[in-house]
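1. here is my input; please provide its structure:
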Amino acid sequence: MKIEEIMTRDVLYAEVPGGTTDALDLIIKKNVSGLPVVKKGTKELIGVVTKDDFARRPDEGQLALLMTRSVVTIAPEADVLEATRIFLKKGFRRLPVAKGKELIGIVSVSDIVWKAVATMATEDTIEKYVEERVAAVWEETPLRVAYKLMRLSGGRALSVLDSDGKLVGILADTDLLKVTQLTESTQKSEVSVGTEGDRWGWDSKNVMYITKKRLELPDLKVKDIMVQNVVTATKKTPIPECAKKMARMKVEQIPVIDADGDIIGLVRDISLLKAFGS
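-> Model (predicted):
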């Protein structure tokens, strides 16, 4: 199977020269984790920017200074196995597809799992790909706390439990992104340095106003935005069936339950790539 058979051709991208606000607005509006960056007026790929870049450097206003310039790409005629190896080695989730320097598409981990792993002719189960250490959160937890927990766990999703410890939902980073608000604050900086014209102005100051844009989460709880119709799997679920469930629900991970319906783990799409690439 070739990359051009499964890639997304209608690519969202940001342009430089330009500021970070438009790129951030697009990431929030389209609910994506990142964007390729092209030279304005062309499709020449010159970088990538992710939502994590904005979180790390919220004060940077120039997209050219925020983006990552060293971009790994793949050709449309490349085999899907090549992209699989890149995803597993680099930890990427999205890979620009390019002809020379021209951006022509995007391929993601989800594209491979939903369209390739789901069609594998195997009866192997997901058992050896289940992660038994699961990051979980109480449904009454404020979103800001849940975001911190997600970052500390190093994952992209949290299992949501009720007061009885039962699984009632899933909270993914994309769910948080949907409700994130772009706010603007202005800070006044006063510098007590006079000029020649201020010789007798003892109280004169140079005043500078600095405007910053930040991503802010609203005062909501996890239960307000979590996905409630949770699709689950067991350790004996065949790999292709699990991939089909992910594709049907358009999710990157699925909770794994035991015979009593209690959560015992999680299987991620990136883990299922290992089955495809082996």
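2. residues contacting the most centrally placed residue in the chain?
-> Of all residues in the chain, the one closest to the mean position by Cα atoms, centre = their mean is residue 33, 3.3 Å from it. By Cβ atoms under 8 Å, 6 or more residues apart in numbering, the contact set of residue 33 is 27, 50, 51, 93, 94, 173, 174, 177. C-beta here means a position set from N, CA and C on the backbone, and glycine is covered the same way.
3. what is the host helix or strand of the first one packed up against?
-> Element membership for residue 27 (DSSP states H and E) is helix 20-30. Contacts of helix 20-30 with other secondary structure elements, assessed using 3 or more Cβ pairs under 8 Å, 6 or more residues apart in numbering; DSSP states H and E, are made with strand 14-16, strand 34-39, helix 51-56, helix 63-66, strand 181-191, strand 206-216.
4. quick one on the thing from earlier: just the pLDDT at the residue nearest to the centre of the chain, thanks.
-> pLDDT recorded at residue 33 is 78.
5. equivalent analysis for residue 27, please.
-> At residue 27, pLDDT is 82.
6. wait, it sits on residue 35?
-> Yes. Using Cβ atoms under 8 Å, residue 27 is in contact with residue 35, at 6.3 Å.
7. domain ranges for this protein?
-> As recorded under automatic domain parsing, the domains making up the chain are 3-115, 127-178+219-277, 181-216.
8. for residue 121, which of those is the nearest?
-> domain 127-178+219-277 (8.0 Å; Cβ to Cβ).
9. let me know the average pLDDT across that closest one.
-> For domain 127-178+219-277, the per-residue pLDDT averages 91.
10. from the chain's centre, how far out does it sit?
-> Offset of domain 127-178+219-277 from its chain centre (Cα atoms, centre = their mean, to the nearest Å): 15 Å.
11. kindly give a single ChimeraX line that selects the buried subset of the contacts of residue 33.
-> Restricted to buried positions by 16 or more other Cβ atoms under 10 Å, the ChimeraX selection for those reads:
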select :27,50,51,93,94,173,174,177
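12. stretch 150-163: end-to-end distance?
-> 20 Å (Cα to Cα, to the nearest Å).
13. and for that stretch, what are the contacting residues?
-> 134-140, 146, 149, 167-173, 176, 222-223, 226, 252-253, 255, 263, 266.
14. which members of those are positioned in helices?
-> Among those, the residues falling in helices (DSSP state H) are 146, 149, 173, 176, 222, 223.
15. can you add distance to residue 270 and give the residues you listed back as CSV?
-> Listed next are these as CSV, based on distance: Cβ to Cβ, whole Å:
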residue, distance to residue 270
146, 22
149, 20
173, 14
176, 19
222, 24
223, 27
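16. report the buried members of the residues you listed.
-> If we count by 16+ other Cβ under 10 Å, these have these buried: 146, 149, 173, 176, 222, 223.
17. if I look at the first one, how far off is residue 226?
-> So that's residue 146. Distance from residue 146 to residue 226, counting by Cβ to Cβ, to the nearest Å: 9 Å.
18. hey, what's in contact with both of the two?
-> Contacts common to residue 146 and residue 226, judged by Cβ under 8 Å, 6+ apart, are residue 171.
19. all strands for the stretch 151-278 of the chain, in order.
-> 157-161, 167-172, 181-191, 206-216, 253-257, 263-268 (DSSP state E, counting those that start in this stretch).
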